[in-house]
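Q: Based on what follows, work out the 3D shape:
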Amino acid sequence: MAPSVLGHYESLLIANASTINTVESSIRSLTWFLPGRFKDAELASEALSATLNLLSLYHDTILSRRLKADPKYRPMIPPSPHSRYTHAWADKSSIYKWAARMLEIVKFLQLFFEMAMRRRFKAKQKTIWRGIIGVEMVKAFLRLLILKVTRRPVLSPPIPEREIDPATLADLTPSPSSSTASLPPKYTPTDSPPPHWKNNKQTAFPPPSGGPNPLLAAASLHNKPQQQPHLFGAAAGTSPIEDYLLPKALSTLDVKPPLTLVRPLNTFRDWVSEIIYLLRPLVYGNAFLYNRAQAKKTSSPLVVSLFLELVAHYLRRTPPPSFTLERSEYARRDRDLLWYFLRGVVWKDFTQPKIQTFVKATEKVPLINVVGALVHDWMPLIDEYYYCTLRPP
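A: Residues are numbered from 1 along each chain as shown. Predicted coordinates:
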């Protein structure tokens, strides 16, 4: 019974992939406006968001399997380096595939889990923080497992992102009648010209004498490079066809094997840098738990976490320009340092007062006050929940 139900659901998904994708995006946008609207609205919003993320992950798995099974499918846009790399590792190693998926599932559920624990154990802060530490230990284990399998920096996300247009799935298996009915009539060089060519000044078929086709000869003369000086000293006379095709030519990145898009960690320094970065959230959570146990409210957890960030940044290697995937991952890690403005004393003493000033100043400004109200509804969540201020990785 279960396989039959899943089979019907997969058929329904593929037949209505575009509509389902639109519904997912619309509901996900709605979750941003729920907090503050009613009691436990943030819990309902996060439950809905986590469910949508899990469904999207399942849908991506189905669509990817469907596309792999169809030999006629050719993507209109080449897959990104991230998609090629993560797909290659998922195909090569089952350990990587399941560790990466489990890591994403844990990240989808972590904030909902914290919200549920805070409602279940309101007065037991130590129990809540032990639960958070347990989540961070699971994530650290999965990251280290991925690192052990790949021996390369761990990308975020470690699974391929959806890059296909769901609307193209309907065109993968056209019916035989429609495909044969849409074919134009076939002409051979011995046939008379078709009606829409009768007004041509020159015939498109080879002359009886067997000489060159006049149209092709004219095209070759037109496309022949002219010996004219070029602004940069190169040969001029490129045709419009070349101008169109040259920007679309393959680069070295497109022809590299997917597993070589990120270099292995070779030196001891590379390994130390990556391990420090992966274990940093676990150290940060343990520092928070220690402060709670000692009934202290200091900035030491934030300082320790930022110190580990800077050490990992200092020790990590600088990839060559040709390794764009690795460079983009390191650039993302550098941008994630902005999340520290929403944590600890930086949030309390610097960011929060400035946001409150902005919300007050825009209360009566049309349109902008909508943004201010949305930010105001989310501010208590940043104060209360650990995973609201922890960056996605």
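Q: Point out where the stretch 151-300 of the chain drops to low pLDDT.
A: 163-254, 292-297 (pLDDT under 70).
Q: what helix or strand does the residue lying closest to A90 once chain neighbours are set aside sit in?
A: Closest residue to A90 in three dimensions, ignoring its sequence neighbours and counting by C-beta to C-beta, 6 or more residues apart in numbering: K97, at 4.2 Å. (C-beta placed from N, C-alpha, C; glycine too.) If you go by DSSP states H and E, K97 is part of helix 94-120.
Q: Distance from that helix to the middle of the chain?
A: Offset of helix 94-120 from its chain centre (C-alpha atoms, centre = their mean, to the nearest Å): 18 Å.
Q: Next, the buried residues of the next helix or strand after that helix.
A: Moving toward the C-terminus from helix 94-120, the next helix or strand (DSSP H and E) is helix 125-150. Neighbour counts using 16 or more other C-beta atoms under 10 Å place 128-129, 131-132, 135-136, 139-140, 142-147, 149-150 of helix 125-150 among the buried residues.
Q: Pull out the buried positions in the one helix or strand R335 maps to.
A: Element membership for R335, per DSSP H and E: helix 324-335. Buried residues in helix 324-335, defined by neighbour count with 16+ other C-beta under 10 Å: T324, L325, E326, E329, Y330, R333.
Q: wait, which of the residues you listed is closest to R84?
A: Nearest to R84, judged by C-beta to C-beta, of those is L325 at 8.7 Å.
Q: residues in contact with the nearest residue to Y385 once chain neighbours are set aside?
A: Closest residue to Y385 apart from its sequence neighbours, by C-beta to C-beta, 6+ apart: E114 at 5.7 Å. Applying C-beta atoms under 8 Å, 6 or more residues apart in numbering to E114 gives the contacts I128, G131, I132, V135, Y385, Y386, Y387.
Q: who touches the first one in this structure?
A: The reference is to I128. By C-beta under 8 Å, 6+ apart, the neighbours of I128 are E114, M117, R118, F121.
Q: cool, the last one as well?
A: Contact criterion C-beta under 8 Å, 6+ apart gives Q110, L111, E114, I132 as the residues in contact with Y387.
Q: 10 Å instead?
A: With contact set as C-beta atoms under 10 Å, 6 or more residues apart in numbering, Y387 has these partners: E46, K107, L109, Q110, L111, F112, F113, E114, M115, I132, V135, L381.
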